[in-house]
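Asks: Next come a sequence and a model predicted from it.
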Amino acid sequence: VEEAEDGLKGLETIKNNDYDLVLCDIKMPKMDGVEVLEAARKIKPEIPFIMISGHGDLDTAVNTMRLGAFDYISKPPDLNRLLTTVRNALDRKVLVVENKNLKKKVSKNYEMIGESSEISTIKEMIEKVAPTD
């Protein structure tokens, strides 16, 4: 368990480490939680985010969910709800990672052959865009 005193340090920590889950406050200095969520989803989309706020309104909750947050919890959090949400988020992450690994295994059955620089460039491009929708 690690913590960051502001959004920028939090994002830097996420970039440099692997985490199973992020609990992220909405109101933080330097970079708010919504900005951290957006930036982190671009670099590590598999990490589930649970957003927490004491200043919550429905628009913020809906917006963070649209941006990819797993859930949104108001302060003070109900501990039973928080534990259930964390458990569900971790279970979902395991399924997402497993799904991604299985897709890679299946796609290996149809591998392109060739070693030229052009084929290598195409293979790299496919690897980059394959996980996107």
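Replies: That came in fine, so what should we check first?
Asks: any weak-confidence spans in the protein?
Replies: 56, 108-110, 132-133 (pLDDT under 70).
Asks: longest single helix anywhere in it?
Replies: Counting residues, the longest helix found in the chain (DSSP state H) is helix 79-107.
Asks: contacting residues for V62?
Replies: By CB atoms under 8 Å, 6 or more residues apart in numbering, V62 lies in contact with nothing. (Each C-beta comes from the backbone N, C-alpha and C, glycine too.)
Asks: hmm, I was thinking of I119
Replies: I119 touches M112, counting by CB under 8 Å, 6+ apart.
Asks: and G7, how far is that from M28?
Replies: As for G7, its distance to M28 is 4 Å (criterion: CB to CB, to the nearest Å).
Asks: How about I126?
Replies: Taken as CB to CB, the span from I126 to M28 is 38 Å.
Asks: Among these two, which residue is more densely surrounded?
Replies: Applying other CB atoms under 10 Å to I126 and M28 shows that M28 carries more neighbours, namely 19 against 11.
Asks: just checking, that one touches D6?
Replies: Yes: using CB atoms under 8 Å, M28 makes contact with D6 at a distance of 5.3 Å.
Asks: What about this structure, which residue is the most distant from its middle?
Replies: S116 (35.2 Å; CA atoms, centre = their mean).
Asks: which residues touch that one?
Replies: With CB under 8 Å, 6+ apart, S116 has no contacts at all.
Asks: now do I47
Replies: 14, 19-22, 40, 93.
Asks: got the residue ranges for the strands in the protein?
Replies: For the chain, the strands defined by DSSP state E cover 22-25, 49-53, 71-74.
Asks: need the ones you listed in JSON lines with distance to D59, can you?
Replies: Below are the strands of the chain laid out as JSON lines (distance: least, CB to CB, whole Å):
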{"stretch": "strand 22-25", "distance to D59": "17"}
{"stretch": "strand 49-53", "distance to D59": "12"}
{"stretch": "strand 71-74", "distance to D59": "11"}
